[in-house]
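[1] please work out how this folds:
(chains A, B, C and D)
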Protein chains: 4
Amino acid sequence: MNETEQGLLDWWKTDIIEMEPGVIRYRGYPVEELIGNVSFAQMIWLMVRGDLPTEGQARLLDTALMSAVDHGPQAPSIAIARMAATCGIGLNNAMASAVNVLGDVHGGAGEQAMMFYQAVRDRQQQGTSLQQSVSDQLDQHIAEQGKFVPGFGHRFHPVDPRAPRLLQLVDEAAAAGGVSGEFAHIGRQVEAEIAARKGKTIPMNIDGATAVIYAELGMPAPLARGLFCLSRSVGILAHAWEQTEQGGRNKGPIPRQFTWSYGGHSNRKVPESE
Amino acid sequence: MNETEQGLLDWWKTDIIEMEPGVIRYRGYPVEELIGNVSFAQMIWLMVRGDLPTEGQARLLDTALMSAVDHGPQAPSIAIARMAATCGIGLNNAMASAVNVLGDVHGGAGEQAMMFYQAVRDRQQQGTSLQQSVSDQLDQHIAEQGKFVPGFGHRFHPVDPRAPRLLQLVDEAAAAGGVSGEFAHIGRQVEAEIAARKGKTIPMNIDGATAVIYAELGMPAPLARGLFCLSRSVGILAHAWEQTEQGGRNKGPIPRQFTWSYGGHSNRKVPESE
Amino acid sequence: MNETEQGLLDWWKTDIIEMEPGVIRYRGYPVEELIGNVSFAQMIWLMVRGDLPTEGQARLLDTALMSAVDHGPQAPSIAIARMAATCGIGLNNAMASAVNVLGDVHGGAGEQAMMFYQAVRDRQQQGTSLQQSVSDQLDQHIAEQGKFVPGFGHRFHPVDPRAPRLLQLVDEAAAAGGVSGEFAHIGRQVEAEIAARKGKTIPMNIDGATAVIYAELGMPAPLARGLFCLSRSVGILAHAWEQTEQGGRNKGPIPRQFTWSYGGHSNRKVPESE
Amino acid sequence: MNETEQGLLDWWKTDIIEMEPGVIRYRGYPVEELIGNVSFAQMIWLMVRGDLPTEGQARLLDTALMSAVDHGPQAPSIAIARMAATCGIGLNNAMASAVNVLGDVHGGAGEQAMMFYQAVRDRQQQGTSLQQSVSDQLDQHIAEQGKFVPGFGHRFHPVDPRAPRLLQLVDEAAAAGGVSGEFAHIGRQVEAEIAARKGKTIPMNIDGATAVIYAELGMPAPLARGLFCLSRSVGILAHAWEQTEQGGRNKGPIPRQFTWSYGGHSNRKVPESE
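    The predicted structure follows:
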């Protein structure tokens, strides 16, 4: 092979997948050996991390993924999926328009919570106590990014029913030795510190809880968003499909008999051109 | 509640998710009971089908999902994910641009194979033999849509290593009574009929094999594409993430020192305007 | 250059743009000569058609583009743009999620109307009269695709105020010799034939009128959708930007105090696993 | 109308478009009066700004839009459009996947250049000289964001042929009194200051030049990206359409005979599960 060809192949270099005619290997494992021996959650781990997880790691990842699939059609992602499904495009396109909006605000809280937890852990590793580390990081967060702490509090749920159950499973995994449990401690201390400062509990929500899991599993923070996209894609698909079966054409956000309020300039004539 | 409000709430009616403050139920099941008891694959089934699958159904769905996650950066979806990851957008956006192209050609073969199999099964249910049903459906397909049969043959792999292994698992599930096995028979007969006509085997590929699974599981054909999008989203995420870690800015399709061939009009002057 | 390199450059061969260091030519014209001498509409024509339009052609294209920019936030594309703008993604991403839904139903009527008109014209070119060609094509359309004729009738507007004005401009252009006017005749005859059959007028709408223009301009039918996407992107941008300035986080389709109707299975317990 | 209905209509309140049956007004102007009297560029201005532009403003906006339509298939956005067009999706979907990647890196330089210029202008308005303001802002930029200055320098073009021509048109518009010309001065001083520091000129590029225009026109900086998306959508459409006519299925980034380099783990066996 000459230099041009080598440069060309290297332009698309990857450690993830190797192929020859009749051969597919992911991270070195032949696909036909993986099939039937490895679950979807294990495969996800293998693809993003490079090695197979332990049983305990796989179970926690599976749980984080299954817990965040949907929050109903008031969420913009789900509403978009349903409207898109009535516009004459494929399910793949409806899913894309919806996944696309899982941005910093709609899909980023888990990633941001992980960064918060990891910053606390970094402080601890400098020798600061858990309590002090959380307090210092909270001070820094409020100073730099405002008082809203990602992963805590919910507009709709007084207590998010998913969070305590997820933390319970982390505790069980830590007791079994599968994970350290240090991020569950951090998450709970953040909740306690906020409560102490505010005089009332602002409970951990789904994003705060899945961030605990992803941090326990050693995921880089940006993958919290990527994995959330995989998870929420399930709800997006389910709603796009239900809407497809319900039918409808060009479904708008509110029933057809309503027209929005107009707050702009009153009726005027187009001026004569100069 | 007055009529307007009711009409408003009904505009977004769904059977998938019910919420009250502090309560989330999917298809009637409280989320905190599902968490820890139900796998990601079971949750996917529950969301798109309305009820929990049996263990055997869940295992087959899990396998179909884990088997199709990636086919490398020569696939446009994966190349798009990697290029997108260098353009200064979020992982969710890179995933969206990529999932979006899983259309009729890049993501539709599974759905089309299912429609073929289901049409064969419909012929059988009219009393025609398997062999005749396949032959008749193949005639009709070729007449209407040309000689390319979705789910069979591969540009790169003489034998797609995923397909025989997936069929083997369907056989095992059928032996255990979890599925009927009828679509595995249909798929194999299609392969045999094509081979008899061509004088050489055009082996079933991943799309043909996952279509067997989804048909055995009673999925509607369009969900074959939707579920493939969930599956391939894993590879899309893994490649977008690997590219993010490799770095790069505005990665083009070929190395930077190359400029495309130009085949258009030679250099010319803009005419004086009239 | 060796064969590998040539094959590589030819893989991305294009007639649209030629570049060397310091040189950019579109369709053979140096960019610095185009700038200041050619309007945005002329540039759009040059890019998709390969040559510069006449003044009359450019004016009609410009008008078709400016006439279809927006139809308000009840349209799913606009609602999606506004919701997306509150999710923490860029304006480019909000535009993408919205343009993406301009599919067969939401963005395809112009393309479909053009195909209808062109089929009538093909019948005329076989020697059939305009009246008979329209009647025959209408019969065929209804038999194959149902009674809804793309480009005619509107859910909201008794008469779409854009259509008669656009047709008037086509008439003026035809009188000036810029276009033939044959598709304006066809469009009006379709309207007349539908009215004769139904006993009431189903007036031409914006899609039927822009399809007349694009057909007069010799555009291939699929470009009617592509050009509509350019046009509607303006409204999409304007609404995404207005929403950005209004603020909001994760804007859902209906006000926050409302929760959708749930029509699914009542509360039930997760079964013990097998 | 009761309070619920009013809240509902206000949820989608807009100043852009007003509709009643048979009536469409943009920013107060009836659509049928705009059609034929207002160009596409004027309409774009009206939609995003709220009022009609002067002739001079419209001409500059038109020029900025027509100048940035395409930079060839090495740009990820264009490569994505072309690959997408072979995947069995609509032109709208191909456009969406492509526009989506015009993010901070691929589509944000104009917006960032505008923010730089506006920061210089703010310094001037505090009474600092142009020269000092540019120098101070450059110091601050380098300290906070590194030495790469958005809008200056080009990987491929020693001199970007679009930039000097665009600046010339701004000068002409300023001489005619249509714009102030202050941002052209700022842009040139940034170029001069960088040259003085480096000992060689890093010439203004298309992003730096369109940022001058958008700043002269009083656009908010984020609209520089939005307007660039409108502009580049033209090239995206042209390439998607050319690829559609060329044909192809699942076009990858490099010719089919090449397989990427694999740099990952060597062939290994899947471990027995625990």
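
[2] so which bits of stretch A:246-266 are buried?
    By neighbour count on 16 or more other Cβ atoms under 10 Å in any protein chain shown, the buried set for stretch A:246-266 is A:250-255, A:258-262, A:264-265. Glycine gets a C-beta too; all of them are placed from N, C-alpha and C.

[3] what do you get for stretch A:15-32?
    Applying 16+ other Cβ under 10 Å to stretch A:15-32 flags A:15-19, A:24-32 as buried.

[4] average pLDDT across it?
    Mean per-residue pLDDT for stretch A:15-32: 97.

[5] the stretch 101-250 of chain A: helices as residue ranges?
    A:109-125, A:130-145, A:162-175, A:182-198, A:206-216, A:221-246 (DSSP state H, counting those that start in this stretch).

[6] same list, the ones you listed, but as a markdown table with mean pLDDT please.
    Formatted as a markdown table, the helices of the stretch 101-250 of chain A follow (pLDDT from 0 to 100):
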| stretch | mean pLDDT |
| --- | --- |
| helix A:109-125 | 98 |
| helix A:130-145 | 97 |
| helix A:162-175 | 98 |
| helix A:182-198 | 97 |
| helix A:206-216 | 98 |
| helix A:221-246 | 98 |
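
[7] quick one, which of these is packed in tightest?
    helix A:206-216 (a mean of 28; mean count of other Cβ atoms under 10 Å in any protein chain shown).

[8] quick one: is that one near chain B?
    No. Applying Cβ under 8 Å from any Cβ of the partner chain, one finds helix A:206-216 separated from chain B by no less than 9.3 Å.

[9] dump that helix to CSV, restricted to CA.
    Extracted C-alpha coordinates of helix A:206-216, given in CSV (Å, rounded to 0.1, in the frame of the first residue of the first chain):
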residue,chain,number,x,y,z
ILE,A,206,-33.6,11.2,37.8
ASP,A,207,-30.7,13.2,36.4
GLY,A,208,-28.9,13.4,39.7
ALA,A,209,-29.5,9.7,40.3
THR,A,210,-28.3,8.4,36.9
ALA,A,211,-25.3,10.7,37.3
VAL,A,212,-24.5,8.9,40.5
ILE,A,213,-24.6,5.6,38.6
TYR,A,214,-22.6,6.8,35.6
ALA,A,215,-20.0,8.3,37.9
GLU,A,216,-19.9,5.0,39.9
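
[10] and it, how far out from the chain's middle?
    Centroid separation between helix A:206-216 and its chain, computed with Cα atoms, centre = their mean, to the nearest Å, is 10 Å.

[11] from the contact counts, what lies against it?
    In terms of contacts (3 or more Cβ pairs under 8 Å, 6 or more residues apart in numbering or on different chains; DSSP states H and E), helix A:206-216 is packed against helix A:55-67, helix A:109-125, helix A:162-175, helix A:182-198, helix A:221-246.

[12] okay if I get the buried residues of stretch A:246-266 as TSV plus secondary structure?
    Listed next are the buried residues of stretch A:246-266 as TSV, based on DSSP: H, G, I helix; E, B strand; the rest coil:
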residue	secondary structure
A:250	coil
A:251	coil
A:252	coil
A:253	coil
A:254	coil
A:255	coil
A:258	coil
A:259	coil
A:260	coil
A:261	coil
A:262	strand
A:264	coil
A:265	coil
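
[13] now for those residues, which pair is the farthest apart?
    A:251 and A:265 (29.7 Å; Cβ to Cβ).

[14] neighbours around the residue lying closest to residue A:269 once chain neighbours are set aside, how many?
    Leaving aside its chain neighbours, residue A:269 sits nearest to residue D:33 (6.6 Å; criterion: Cβ to Cβ, 6 or more residues apart in numbering or on different chains). When counting by other Cβ atoms under 10 Å in any protein chain shown, one arrives at 16 neighbours for residue D:33.

[15] ramachandran coordinates for residue D:33?
    phi -80, psi -30 (degrees, to the nearest 10).

[16] can I assume it is in contact with residue A:270?
    Yes. The pair residue D:33 / residue A:270 is scored as a contact, 4.3 Å apart, by Cβ atoms under 8 Å.

[17] who in the stretch 51-200 of chain A is up against chain D?
    A:52, A:54-55, A:89-90, A:92-93, A:96-97, A:100.

[18] tell me the contacts of residue A:170?
    Residues near residue A:170 by Cβ atoms under 8 Å, 6 or more residues apart in numbering or on different chains: A:60, A:179, A:181, A:183-184, A:212-213, A:216.

[19] how about 6 Å then?
    Neighbouring residues of residue A:170 by Cβ atoms under 6 Å, 6 or more residues apart in numbering or on different chains: A:184, A:212.

[20] which residues of the stretch 151-274 of chain A lie near chain B?
    A:157-159, A:161-162, A:165, A:169, A:225-226, A:229-230, A:233-234, A:237-238, A:241, A:255 (Cβ under 6 Å from any Cβ of the partner chain).

[21] chain C next: which of these are close?
    Okay, of these, nothing touches chain C (Cβ under 6 Å from any Cβ).

[22] which ones are touching residue A:191?
    Applying Cβ under 6 Å, 6+ apart, the residues contacting residue A:191 are residue A:204.

[23] returning to what we had before: now the helices and strands packed on helix A:206-216 as a markdown table including distance to residue D:207?
    Output for those, formatted as a markdown table (distance: least, Cβ to Cβ, whole Å):
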| stretch | distance to residue D:207 |
| --- | --- |
| helix A:55-67 | 40 |
| helix A:109-125 | 29 |
| helix A:162-175 | 45 |
| helix A:182-198 | 42 |
| helix A:221-246 | 27 |
